[in-house]
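Chemist: I would like to see how this sequence folds:
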Amino acid sequence: MGSCLFLFLFLASLTGQPSADQEARIRRLERRLLAPCCYSESVADHRSEVAVQMRQEIRQMVREGRSDQEILDYYKSRYGVRVLAEPEGELWWVMNVVPVVALAVGLVIVLMVVRRWYKRTAAGAAST
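Modeler: You can find the predicted model right below:
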């Protein structure tokens, strides 16, 4: 059984077909990049010529053994950071943490206003 698996993997490497792990990496990378023609869809989903070309390039770079970061850096240098579906570094914090903090602060403010309103209503009802 093990020799059959080895033979299959060996033949797959000769034909240039990516392994299951490589295929998963390719899909993950395609989803992390936006099609530079309109920046509205990931390379995995977009059907433009540019997206098709990028999918082929990503597949080739994975076959060559480049790391995910090398591939992402290549496209950032070619199209700018806007090509990333999710920003890195400080922009990641702005995109992911700031909205959660703003939501929490807003919820606290709403709760304080409702509590004050409830106290005033209860005090007004008790005095009548």
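Chemist: switch to C-alpha atoms for all contacts and neighbour counts from now on
Modeler: Noted.
Chemist: can I take it that Tyr39 is in a helix?
Modeler: No: under DSSP: H, G, I helix; E, B strand; the rest coil, Tyr39 falls outside any helix and is assigned coil.
Chemist: could you measure from it over to Arg55?
Modeler: Here Tyr39 is placed at a distance of 15 Å from Arg55 (C-alpha to C-alpha, to the nearest Å).
Chemist: again with Arg120
Modeler: If you measure Arg120 against Arg55 using C-alpha to C-alpha, the figure is 62 Å.
Chemist: for Val98, same thing?
Modeler: Plainly put, Val98 is 33 Å away from Arg55 if you go by C-alpha to C-alpha.
Chemist: so for those two, which sits in the more crowded spot?
Modeler: Each of Val98 and Arg55 had its neighbours counted (other C-alpha atoms under 10 Å), and the higher figure belongs to Arg55 (19 against 12).
Chemist: give me the buried positions along the longest helix belonging to the chain.
Modeler: As assigned by DSSP state H, the longest helix anywhere in the chain is helix 98-127. Along helix 98-127, not one residue counts as buried under the neighbour rule (16 or more other C-alpha atoms under 10 Å).
Chemist: now do it, average pLDDT.
Modeler: Within the predicted structure, the mean pLDDT of helix 98-127 is 90.
Chemist: gap between that helix and the chain center?
Modeler: With C-alpha atoms, centre = their mean, to the nearest Å as the basis, helix 98-127 stands 36 Å off its chain's centre.
Chemist: check which helix or strand Arg28 maps to.
Modeler: Taking DSSP states H and E as the criterion, the element that holds Arg28 is helix 20-32.
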